[in-house]
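Visitor: below are the sequence and a predicted model; questions follow.
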Amino acid sequence: ISKGPGNSKSSKSTAVPPGPPMYLDLVYIPNHSNRKNVDVEFFKRVRSSYYVVSGNDSAAEEPSRAVLDSLLEGKAQWDSNMQVTLVPTHDSEVMREWYQETHEKQQDLNIMVLASSSTVVMQDESFPACKIEL
């Protein structure tokens, strides 16, 4: 039986098909954390101790608030409360607002966000505490 365009089950496609979860140490959120490629299903399936969040283009909605919210929703469905660390590569307005507005939920879900604008000062030297260039 062939399926024509009108016979498909759903027009909604997801970036990561349903299935068993994968556990990784470090994941770079694809496409500058744009919501076109990352949804709740991504975070339900791709479980990591560290997620790198790039993107510093508010006009292109990168990083996407929807992607950050998907992390919270997806992580809430994990069967364990392992710690997750979000590593932003830029200090963006979207990231700051999301962090402030969802801080309590992040704590409940054991999610820590590294501040990209943190500075370490040692004697006469100072340098960024967290700077990742990809």
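Guide: Great, that's in hand. Every value quoted in this text rests on a predicted model; they were computed, and no experiment measured them.

Visitor: which stretches of the chain form strands?
Guide: Under the criterion DSSP state E, the chain contains strands at 22-28, 46-53, 84-88, 111-113, 119-122, 125-128.

Visitor: could you say what helices and strands whichever helix in the chain runs longest packs with?
Guide: In terms of residue count, the longest helix belonging to the chain (DSSP state H) is helix 65-75. Packed against helix 65-75, as judged by 3 or more Cβ pairs under 8 Å, 6 or more residues apart in numbering; DSSP states H and E, are the following elements: helix 40-45, strand 46-53, strand 84-88, helix 93-101, strand 111-113. For the C-beta atoms, the positions are set from N, CA and C on the backbone; glycine is no exception.

Visitor: hmm, try it at 10 Å
Guide: Counting contacts by 3 or more Cβ pairs under 10 Å, 6 or more residues apart in numbering; DSSP states H and E, helix 65-75 packs against helix 30-33, helix 40-45, strand 46-53, strand 84-88, helix 93-101, helix 103-108, strand 111-113.

Visitor: who are the packing partners of the second one?
Guide: Counting by 3+ Cβ pairs under 10 Å, 6+ apart, the packing neighbours recorded for helix 40-45 are strand 22-28, helix 65-75.

Visitor: the shortest one now?
Guide: Helices and strands touching strand 111-113, as assessed by 3+ Cβ pairs under 10 Å, 6+ apart, comprise strand 46-53, helix 65-75, strand 84-88, helix 93-101, helix 103-108.

Visitor: in stretch 90-97, what counts as buried?
Guide: Using 16 or more other Cβ atoms under 10 Å as the burial criterion, the residues of stretch 90-97 that qualify are H90, S92, V94, M95.

Visitor: let's have the residues you listed in JSON lines, adding pLDDT and distance to E125.
Guide: Output for the buried residues of stretch 90-97, formatted as JSON lines (pLDDT from 0 to 100; distance: Cβ to Cβ, whole Å):
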{"residue": "H90", "pLDDT": "81", "distance to E125": "23"}
{"residue": "S92", "pLDDT": "82", "distance to E125": "27"}
{"residue": "V94", "pLDDT": "87", "distance to E125": "31"}
{"residue": "M95", "pLDDT": "87", "distance to E125": "27"}
